[in-house]
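one predicted model, sequence on top.
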Amino acid sequence: MDAKAVGRYLRVTPRKARFVLDNVRGKSVSDALAMLKFVPNEAARYITKVVESAAANAENNYSMDRDALRITGATVDQGPTMKRIHPRAMGRAYRILKRSSHITVIVTEDERLKKVAAKPKAAKRGRQRKETAAAPKAAAPRKTAKTKVEKPKAAEPAPEVQEE
């Protein structure tokens, strides 16, 4: 099943939006959003919103797993063009074209990503955290105002209790 989102009448030229959209087509939704976050282009902001909307549609309308979504189709179509006039010398005028775009993103659930998302990731990390929490770190020598280095004091062994 496919989930789709369309952003219409977006004020970015279709050519500039296609450059950005070509980079994320075929990627997983999480990878695409991570890439779009660092693209310094206004089209990336619009595409991010449309990809997030498509993922939300898939999750809410079709009960798909968000971690297993992949962008299978992404297109940019030309929207209406606003025509403006810029006055020039000797009574002439130049035409300014303010183009707009319609961005369409289609996402589907990928079986390979579904298997990866099902694996527990925190199990290995949890064991490492418990081990590090159990073993306290040795205190580093401190510098005082007189710039002397104090040596850490050796811990005295606990007195043994004798049972009668």
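Looks like it came in fine.

for the residue nearest in space to the middle of the chain, phi and psi?
The chain has Ala34 as the residue nearest its centroid, 2.9 Å off, counting by CA atoms, centre = their mean. Here is the backbone geometry of Ala34 (degrees, to the nearest 10): phi -70, psi -40.

what sits against Arg25?
Ile71, Gly73, Ala74 (CB atoms under 8 Å, 6 or more residues apart in numbering). Placement of C-beta: from N, CA and C, glycine included.

one step back: for the residue nearest to the centre of the chain, give its distance to Lys27.
Per CB to CB, to the nearest Å, Ala34 is found 9 Å from Lys27.

same thing with Thr72?
Distance of Thr72 to Lys27, given as CB to CB: 10 Å.

which of these two has more neighbours?
For Thr72 versus Lys27, the count of surrounding residues by other CB atoms under 10 Å is larger for Lys27: 17 against 14.

okay, the residue lying closest to the more buried one once chain neighbours are set aside: pLDDT?
Among residues not flanking Lys27 along the chain, Ile71 sits closest, at 5.9 Å (CB to CB, 6 or more residues apart in numbering). Ile71 carries a pLDDT value of 96.

could you do Ala139 as well?
63.
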